[in-house]
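Visitor: Curious how this folds, go ahead:
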Amino acid sequence: SATGARVGGARFDPLDRGVRGTAREIAVKPGGRITLDDVNYTACPEEDMDWVLKAQSLNLDTAARNGSGRNVRLDFKGVPILYAPIISFPLGNERKSGFLPPDIGHSNRGGLELSIPYYFNLAPNLDLTLTPRILSRRGLGLDHEFRYLTRRQRGIMVGRFLPGDDLRNRDRSLVEWNHRADFAANWRFIVNASNASDGNYFEDFGLGSEGASIPYLERTAELHHFGRHWELLAQVQNFQTIDQNIPDASRPYSRLPRVIGRGEWRAPLGLEYRLNSELVYFHRDRDPGMVTGGRLDVSPELSWSFTRPGLYITPTAAWRQTQYRLENTAPDADDAPDRGAPIGSLDAGMIFERIAGRDANRIHTLEPRLLYLYVPYRDQTALPVFDTGLPDLNLVQLFRRNRYVGADRLSDANQLSAGITTRLLDADDGSQYLSATVGQTYYFD
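Guide: Coordinates of the predicted model:
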């Protein structure tokens with residue numbers, strides 16, 4: 001009616017929500033306002049009610065799409081695990097400013113920790129979460145998370161601040177910024193940067209061994225341009241060393257700047273032309289006596305692809321040329337060393353598949369593969385090692401044409417890699433449930 005209505009001993013089951021509840025009384029008032037007293041709310045089946053949300057009262061404003069509750073308690077198997085004297089929440093998917101559930105914990109390095117986040121719904125495309133933190137052994141801190149999203153840009157800025165750490169007697173902080181901007185056709189700008197106040201930050205505040213084992217923080221800004229057949233990347237990059245036990249000589253170089261160009265063109269008869277190139281200057285701050293300088297790496301490549309259902313054969317011929325211009329070299333050392341070598345490979349494989357599963361809803365594959373690789377030996381002792389290393393052996397490494405990562409070293413090779421992979425796929429959408437590979441490399445020289 002126009003004056004509202006009251007229903008006692010009510011039970012409600014919202015359609016298509018999978019939830020249900022009861023209330024001692026439901027009052028429907030003019031203007032779309034609803035009040036519920038002594039509420040029990042759950043999504044569990046009646047025969048197995050593991051958790052129940054209880055509230056002394058709930059007030060729902062369906063016009064403003066807001067709700068509030070008093071003396072709200074969450075019970076799990078009859079045991080109260082969360083209580084709030086008052087809560088506020090949106091009705092539906094709308095965001096709403098307000099307090100989020102607090103977080104309580106304890107650690108040996110921080111003592112008792114309590115954080116109470118407050119969420120600011122600044123705009124449909126902007127939000128901010130401020131989280132005051134109390135650490136009984138260290139003091140009072142403030143965390144923030146700012147997110148933004150526009151038609152061309154998106155990003156997140158995160159900061160953790162603890163002024164006057166009582167245990168370290170200094171200010172502590174961690175700042176992270178991740179940004180992406182598609183500001184013009186085929187142009188993209190990306191920033192991923194982090195900075196910690198000191199080398200002990202993750203040891204003191206990291207979560208478990210993962211946080212305590214971070215050796216470096218990366219700061220990278222990249223400008224990408226994409227063409228129909230080629231891609232250009234301009235980058236500046238450096239690192240903050242977190243693990244102070246790493247000697248200066250083993251710390252990574254800064255790339256100031258780095259330019260990468262990649263191109264790929266297809267021709268008739270299955271021919272493909274590729275060009276990979278990199279121009280980079282390696283800089284060192286802490287140890288000015290270390291060798292620094294520029295490196296140009298260019299690798300043109302020609303391949304031919306023969307493909308048939310369940311079969312492919314791809315011979316490839318390439319040349320890799322690397323040229324340096326070095327500074328701080330020894331008096332009798334070459335400051336412009338270079339290296340060039342041909343690379344030949346033959347990649348071949350087959351794919352067998354069959355229908356599997358009780359309802360024929362799976363595809364089971366068997367995929368044998370062979371890769372022969374030949375690269376002649378080159379003496380590279382005069383070349384520096386700026387950013388090159390040997391990764392662990394894995395499936396990707398098994399069929400790569402250079403066992404090193406980075407351009408400072410090129411592996412000589414006369415070898416055959418053989419492997420077989422089996423996969424279990426969904427027959428409808430091709431999603432992969434399981435993959436297993438067994439392989440081995442045979443060295444002729």
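Visitor: next one: the longest strand along the chain to chain centre, how far?
Guide: In the chain, with assignment by DSSP state E, the single longest strand is strand 311-327. In terms of Cα atoms, centre = their mean, to the nearest Å, the centre of strand 311-327 is found 30 Å from the chain centre.
Visitor: Adjacent strands (with direction) for that strand?
Guide: Its sheet considered, strand 311-327 pairs with strand 292-304 (antiparallel), strand 306-308 (antiparallel), strand 338-350 (antiparallel) by DSSP bridges.
Visitor: possible to save the ones you listed as JSON lines with distance to residue 318 and mean neighbour count?
Guide: C-beta: built from backbone N, CA, C; applies to glycine. Putting the strands paired with strand 311-327 into JSON lines (distance: least, Cβ to Cβ, whole Å; neighbours: other Cβ atoms under 10 Å) gives the following:
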{"stretch": "strand 292-304", "distance to residue 318": "4", "mean neighbour count": "17"}
{"stretch": "strand 306-308", "distance to residue 318": "18", "mean neighbour count": "10"}
{"stretch": "strand 338-350", "distance to residue 318": "4", "mean neighbour count": "16"}
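Visitor: Comparing the ones you listed, which yields the minimum mean pLDDT?
Guide: Per-segment mean pLDDT for those reaches its minimum on strand 306-308, at a mean of 92.
Visitor: So what touches that one?
Guide: Contact with strand 306-308 is made by 270, 312-314, as judged by Cβ atoms under 8 Å, 6 or more residues apart in numbering.
Visitor: The nearest residue to residue 310 once chain neighbours are set aside: neighbour count?
Guide: Sequence neighbours aside, residue 351 is the residue nearest to residue 310 in space, at 4.9 Å (criterion: Cβ to Cβ, 6 or more residues apart in numbering). Residues lying near residue 351 (other Cβ atoms under 10 Å) number 15.
Visitor: And for the one 4 residues further on?
Guide: Under the neighbour criterion other Cβ under 10 Å, residue 355 is assigned a count of 10.
Visitor: Restricting to C-alpha, output the helix or strand it falls within in PDB.
Guide: Per DSSP states H and E, residue 355 falls inside strand 352-356. The C-alpha coordinates for strand 352-356 follow below in PDB (Å, rounded to 0.1, in the frame of the first residue of the first chain):
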ATOM      1  CA  PHE A 352      48.400 -37.300 -33.900                       C
ATOM      2  CA  GLU A 353      45.100 -36.900 -32.100                       C
ATOM      3  CA  ARG A 354      42.200 -39.100 -31.100                       C
ATOM      4  CA  ILE A 355      38.800 -38.500 -29.400                       C
ATOM      5  CA  ALA A 356      38.900 -39.500 -25.700                       C
END
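Visitor: Can you give the contact residues for that strand?
Guide: Outside of strand 352-356, the residues within contact range by Cβ under 8 Å, 6+ apart are 310, 362-367, 424, 427.
Visitor: Of those, which is the most crowded?
Guide: residue 363 (19 neighbours).
Visitor: Look up the closest residue to that one, ignoring the ones flanking it.
Guide: The shortest distance from residue 363 to any non-neighbouring residue, by Cβ to Cβ, 6+ apart, is to residue 425 (4.4 Å).
Visitor: okay, and for the stretch 51-200 of the chain, where does confidence drop off?
Guide: Nowhere does the stretch 51-200 of the chain drop to pLDDT under 70.
Visitor: Which stretches in it count as strands?
Guide: For the stretch 51-200 of the chain, strands defined by DSSP state E, counting those that start in this stretch occupy the ranges 51-61, 66-76, 79-90, 98-99, 103-107, 111-115, 118-123, 126-135, 139-149, 153-165, 170-184, 187-196.
Visitor: rewinding a little: are any of the contacts of strand 306-308 buried, and which?
Guide: By neighbour count, with 16 or more other Cβ atoms under 10 Å, the contacts of strand 306-308 hold residue 314 as buried.
Visitor: in the sheet, who's paired with the closest residue to residue 320 other than its chain neighbours?
Guide: Among residues not flanking residue 320 along the chain, residue 299 sits closest, at 4.4 Å (Cβ to Cβ, 6+ apart). Note on residue 299: beta-bridge partners by DSSP bridges are residue 276.
Visitor: so residue 129 makes contact with residue 100?
Guide: Yes - the pair residue 129 / residue 100 is scored as a contact, 7.4 Å apart, by Cβ atoms under 8 Å.
Visitor: of these two, who's got more company?
Guide: Shown here are residue 129 and residue 100; by other Cβ under 10 Å, residue 129 has more neighbours (15 against 12).
Visitor: contacting residues around the residue nearest to residue 315 when sequence neighbours are not counted?
Guide: Spatially, and ignoring its direct neighbours in sequence, residue 315 is nearest to residue 346 (5.0 Å; Cβ to Cβ, 6+ apart). For residue 346, the contact set (Cβ under 8 Å, 6+ apart) comprises 313-316, 370-372.
Visitor: so what's the closest residue to residue 158 other than its chain neighbours up against?
Guide: Excluding the flanking residues, the one nearest residue 158 by Cβ to Cβ, 6+ apart is residue 176, at 4.5 Å. Applying Cβ under 8 Å, 6+ apart, we find residue 176 in contact with 156-159, 193-194.
Visitor: just the buried members of the residues you listed?
Guide: By neighbour count, with 16+ other Cβ under 10 Å, the contacts of residue 176 hold 157-158, 193-194 as buried.
Visitor: Pull up the pairing partners for the host helix or strand of residue 217, direction included.
Guide: Using DSSP H and E, residue 217 falls within strand 216-226. According to DSSP bridges, strand 216-226 forms sheet pairs with strand 187-196 (antiparallel), strand 230-241 (antiparallel).
Visitor: Tell me which helix or strand comes right after the first one.
Guide: When you say that, I think you mean strand 187-196. Later in the chain than strand 187-196, the nearest helix or strand by DSSP H and E is helix 201-205.
Visitor: No further queries at this time; thank you.
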